[in-house]
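Q: Just to be clear, the model below is a prediction. Sequence and coordinates:
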Amino acid sequence: QVQLAESGGGLVQPGGSLRLSCVLSGHSGSGLVMAWFRQASGKERELVASVTSGETIRYADSVKGRFTISRDARRNTMWLQMNSLKVEDTAIYYCAADRSNRPYLIAARIDYWGQGTQVTVSA
């Protein structure tokens with residue numbers, strides 16, 4: 001059974017940093033794209049960043065230059081380093097994995113989801 005477990009969310013002031021982690025279990029990770037989505041209150045779930053098994057990376061325009069996604073295949077772990085956080089980054093962040101292994105992803109078609117971790121950016 002494939003499982004994804006996120007950690008690292010919390011409360012941070014504008015301009016601060018957080019690092020999210022996601023551990024994949026029940027699957028080798030080979031052939032899977034892994035990604036971070038987020039969902040703010042009252043809004044649709046949106047793709048933040050993705051990394052394929054071949055290390056092709058994609059970012060949403062809203063986070064380019066501020067967020068960095070990375071992945072360690074041996075440890076089956078993915079991270080999202082978030083710097084220069086803004087109030088509008090406040091959301092529940094979800095780890096995702098999909099067998100399409102493509103960098104562009106649609107939330108409705110994702111194969112596997114984590115439980116989500118809350119990120120709140122507030123003064």
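A: Now that the structure is in, tell me what you want to look at.
Q: Tell me which residues touch the residue at minimal distance from the centre of the chain, please.
A: Geometric centre of the chain, nearest residue: Trp36, 1.8 Å, by C-alpha atoms, centre = their mean. Residues in contact with Trp36 (C-beta atoms under 8 Å, 6 or more residues apart in numbering) are 20, 22, 47-50, 69, 78, 80, 93-96. For glycine as for every other residue, the C-beta is placed from the backbone atoms N, C-alpha and C.
Q: Do you have the strands of this structure handy? List them.
A: If DSSP state E is used as the criterion, the strands of the chain fall at 3-7, 10-12, 18-25, 33-39, 46-51, 57-59, 67-72, 77-82, 91-98, 112-113, 117-121.
Q: Show me what counts as buried in the second one.
A: Within strand 10-12, the residues scored as buried using 16 or more other C-beta atoms under 10 Å are Val12.
Q: And the contacts of it?
A: Leu18, Leu85, Gln118, Val119, Thr120, Val121, Ser122.
Q: Could you check how far the residue nearest to Ile106 when sequence neighbours are not counted is from Gly26?
A: Among residues not flanking Ile106 along the chain, Leu47 sits closest, at 8.0 Å (C-beta to C-beta, 6 or more residues apart in numbering). Noted for Leu47: a distance of 23 Å to Gly26, by C-beta to C-beta, to the nearest Å.
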